[in-house]
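In: here is a sequence together with a model predicted from it:
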Amino acid sequence: AIGAMSAAAASSDPATTVLWGVTRGLEITAANVYDVLTLHPFSLVYLGGVTTALANYVQTKAQRGISAERASVIYAMDPVYGAAFASVLLGESLDGYGVAGAG
């Protein structure tokens, strides 16, 4: 099987190399997901149930009072708000690529 193949053996064929890397990555990811689910169940419930559900509820309630056009402009500006908050709260900065939307 490809998952049991060594990296050296997979490197002889580019397609096999990519397939080996992808399948190996999936094995590692599945193990990490299982570990997170078993080690941090309350954190996952909080993040999924409280923060996500609360944000969607507040968004639905707030969006009722404004037009679709205004809501679309607000949501389209989300990356700008994210960059501004990251700058103010986390001290991050954008280079030229980031300002152009590519970084």
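Out: Right, received. Where do you want to start? Residues are numbered from 1 along each chain as shown.
In: what about the helices in this structure?
Out: Listed in chain order, the helices of the chain (DSSP state H) span 7-10, 14-39, 41-45, 53-63, 68-76, 78-90, 96-100.
In: tabulate these (JSON lines), appending mean pLDDT.
Out: JSON lines is the format used below for those (pLDDT from 0 to 100):
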{"stretch": "helix 7-10", "mean pLDDT": "52"}
{"stretch": "helix 14-39", "mean pLDDT": "71"}
{"stretch": "helix 41-45", "mean pLDDT": "87"}
{"stretch": "helix 53-63", "mean pLDDT": "89"}
{"stretch": "helix 68-76", "mean pLDDT": "90"}
{"stretch": "helix 78-90", "mean pLDDT": "88"}
{"stretch": "helix 96-100", "mean pLDDT": "79"}
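In: can I get these in TSV including mean neighbour count?
Out: In this view, the C-beta of every residue, glycine as well, is placed from N, C-alpha and C. Shown next, in TSV, are the helices of the chain (neighbours: other Cβ atoms under 10 Å):
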stretch	mean neighbour count
helix 7-10	12
helix 14-39	11
helix 41-45	10
helix 53-63	11
helix 68-76	11
helix 78-90	10
helix 96-100	10
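In: show the pLDDT at Met77.
Out: Reported pLDDT at Met77 in the predicted model: 91.
In: so how far is Ala76 from Gly101?
Out: Separation of Gly101 from Ala76 (Cβ to Cβ, to the nearest Å): 12 Å.
In: which residues are in contact with both of the two?
Out: By Cβ atoms under 8 Å, 6 or more residues apart in numbering, Gly101 and Ala76 have no common neighbours.
In: what residues does stretch 43-60 touch?
Out: Identification of contacts with stretch 43-60 by Cβ under 8 Å, 6+ apart yields Val36, Leu37.
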